[in-house]
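Chemist: Okay, here's the prediction I keep looking at, along with the sequence it came from:
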Amino acid sequence: MTLPADHNKEMQQLAARIKQWGMALGFQQVGITDTDLRQAEQYLTAWLDKRFHGEMEYMQRHGLKRSRPDLLRPGTLRIISARMDYLSEPAAVMDKSLADPSEAYISRYALGRDYHKLIRNRLQKLADKIHADIGPFGYRAFVDSAPVLEKALAEKAGLGWIGKHSNLINRKAGSWFFLGEIYTDLPLPIDQPATQHCGSCTACLDICPTQAIVAPFQVDARRCVSYLTIELHGSIPEPLRPLIGNRIYGCDDCQLVCPWNRFAKLTDENDFKPRHRLNTQQLLNVFAWNEETFLTRTEGSAIRRIGFERWLRNIAVALGNARRSAEIIAVLIGKLEHPSELVKEHVRWALDRQLENREDAV
């Protein structure tokens, strides 16, 4: 469809206003792209064929809707992609936490308020501004809430490139950010896709604690700490447990080591700042929470999605990886009668690990 020249100019001006409104709403960048995801669809299909998605059946449940936006929302012509930075502390602080085996490490995206609602509300406000400016138009906003290839769309919209660790990287902002999208029927002008700048660097492949990045741009989720501690519902495979270290919810290692993150800026969003000292909690402290405390301390947080049982499972593994300690041994023994078989299994494993060299207990 060829639009009149004056209409094209109107769309260009609208696109510029959308980006300005997005920045005013707290997004650090807004880009626009079309719906052509043929290359990403081929990659997704190959990844699924290798069963790299593990138990994440939702990755294939919706067929081609994930890679063909107009199937998810009929009439979609463009995707408005937006990023919002969430980093709340310097890398040195995170490194220190990971280096202390008695501390509970939680992926930094989950320390504050659940980003889904916050970004979804901001996207709705952006859509409201467009509506106020041009009148009714077709759209739908998404934040990790539907079959959307958000990183592929963001790459095409110029927000960054997909790195060898599969995260999106921005030359001026690193990778510590969330993404959100608005599918729309507006024929807006599209932005230039981002280009690759990983070069010969393999830092993320080398640092991955479980070697889940099996090749550049290929992540076997079944080995990934984030998958094991968040997505996996059952027992964590025993060979991988010692490699998890003190990571009880997610993993940030590949981002911490990425050289582009020297350009990352700390967020100004108070909702992304740590709640309940979740960035400095000791393993024994969080293991002592009852379910009511867990629900209270994780209210409004992405952490709550794993539930109390998997929370204890993850911490038990981390305690098994901690330095030998008489206190840890006593606490684990006290959990041997937990009603959950899943928890008991991981507690027994952790206790065996602690007792391997009982003479080292302090």
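Modeler: Structure's in. What do you need?

Chemist: G26 versus D268, what's the distance?
Modeler: D268 sits at a distance of 8 Å from G26 (criterion: Cβ to Cβ, to the nearest Å). (Glycine included, C-beta is placed from N, CA and C.)

Chemist: Which of those two has more residues huddled nearby?
Modeler: Legend: neighbour count by other Cβ atoms under 10 Å for D268 and G26, higher for G26 (17 against 10).

Chemist: these two touch, right, that one and D271?
Modeler: No: between G26 and D271 there is no contact under Cβ atoms under 8 Å: 9.8 Å.

Chemist: List phi and psi for E103.
Modeler: The phi/psi pair for E103 (degrees, to the nearest 10) reads phi -100, psi 150.

Chemist: hey, what's it bridged with?
Modeler: Under the criterion DSSP bridges, E103 forms beta bridges with Q282.

Chemist: Quick one: residues contacting it.
Modeler: Neighbour list for E103: 97, 246, 280-283 [criterion: Cβ atoms under 8 Å, 6 or more residues apart in numbering].

Chemist: Can you give me the distance of it to L256?
Modeler: Going from E103 to L256 by Cβ to Cβ gives 15 Å.

Chemist: cool, E345 as well?
Modeler: Separation of E345 from L256 (Cβ to Cβ): 30 Å.

Chemist: Same check on D95?
Modeler: Taking Cβ to Cβ, one finds D95 at 7 Å from L256.

Chemist: Could you check which of these two has the larger neighbour count?
Modeler: L256 (18 against 14).

Chemist: show me the contacts for the more buried one.
Modeler: Applying Cβ under 8 Å, 6+ apart, we find L256 in contact with 91, 94-95, 98, 207.

Chemist: Swap in 6 Å and give it another go.
Modeler: Taking Cβ atoms under 6 Å, 6 or more residues apart in numbering as the criterion, L256 is in contact with 91, 94.

Chemist: residue ranges with poor pLDDT in this protein?
Modeler: By pLDDT under 70, the weakly predicted segments of the chain are 1-6, 357-362.

Chemist: which stretches of it form strands?
Modeler: Along the chain, counting by DSSP state E, strands occupy 29-33, 78-85, 105-106, 139-142, 161-162, 168-169, 177-184, 213-215, 218-219, 247-249.

Chemist: So which other helices or strands are in contact with the fourth one?
Modeler: It stands for strand 139-142. Packing partners of strand 139-142 (3 or more Cβ pairs under 6 Å, 6 or more residues apart in numbering; DSSP states H and E): helix 115-134, strand 177-184.

Chemist: go with 10 Å
Modeler: Applying 3 or more Cβ pairs under 10 Å, 6 or more residues apart in numbering; DSSP states H and E, we find strand 139-142 packed against helix 69-72, strand 78-85, helix 115-134, strand 177-184.

Chemist: can you dump the C-alpha coordinates of the first one into CSV?
Modeler: What that stands for is helix 69-72. What follows is helix 69-72, C-alpha atoms only, in CSV (Å, rounded to 0.1, in the frame of the first residue of the first chain):
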residue,chain,number,x,y,z
PRO,A,69,2.6,-10.8,14.9
ASP,A,70,-0.4,-10.5,12.7
LEU,A,71,-1.6,-14.0,13.7
LEU,A,72,-1.5,-12.9,17.4
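
Chemist: In it, which residues are buried?
Modeler: Going by neighbour count (16 or more other Cβ atoms under 10 Å), the buried part of helix 69-72 is 69, 72.

Chemist: Tell me how far that helix lies from the chain's centre.
Modeler: 23 Å (Cα atoms, centre = their mean, to the nearest Å).

Chemist: The last one now?
Modeler: Between the centre of strand 177-184 and the centre of its chain there are 14 Å (Cα atoms, centre = their mean).

Chemist: What of stretch 247-264?
Modeler: In terms of Cα atoms, centre = their mean, the centre of stretch 247-264 is found 11 Å from the chain centre.

Chemist: Pull it out as PDB, backbone CA atoms only.
Modeler: Only the C-alpha atoms of stretch 247-264 are listed here, as PDB (Å, rounded to 0.1, in the frame of the first residue of the first chain):
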ATOM      1  CA  ARG A 247      22.200 -18.400  43.100                       C
ATOM      2  CA  ILE A 248      18.600 -19.000  44.500                       C
ATOM      3  CA  TYR A 249      16.600 -17.200  41.800                       C
ATOM      4  CA  GLY A 250      18.000 -16.700  38.300                       C
ATOM      5  CA  CYS A 251      21.500 -15.800  37.200                       C
ATOM      6  CA  ASP A 252      23.300 -12.700  36.000                       C
ATOM      7  CA  ASP A 253      26.800 -14.000  35.300                       C
ATOM      8  CA  CYS A 254      26.700 -13.600  31.500                       C
ATOM      9  CA  GLN A 255      25.600 -10.000  32.000                       C
ATOM     10  CA  LEU A 256      28.100  -9.200  34.700                       C
ATOM     11  CA  VAL A 257      31.000 -10.300  32.500                       C
ATOM     12  CA  CYS A 258      29.800  -8.600  29.300                       C
ATOM     13  CA  PRO A 259      32.200  -5.700  28.400                       C
ATOM     14  CA  TRP A 260      29.300  -3.700  27.000                       C
ATOM     15  CA  ASN A 261      27.800  -3.400  30.400                       C
ATOM     16  CA  ARG A 262      30.500  -0.900  31.400                       C
ATOM     17  CA  PHE A 263      28.100   1.600  29.800                       C
ATOM     18  CA  ALA A 264      25.100   0.500  31.800                       C
END
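
Chemist: Could you check it and say which residues are buried?
Modeler: Buried, per 16+ other Cβ under 10 Å, within stretch 247-264: 247-258, 260-261, 264.

Chemist: any residues in contact with both of D268 and G26?
Modeler: By Cβ atoms under 10 Å, 6 or more residues apart in numbering, D268 and G26 have these common neighbours: D85.
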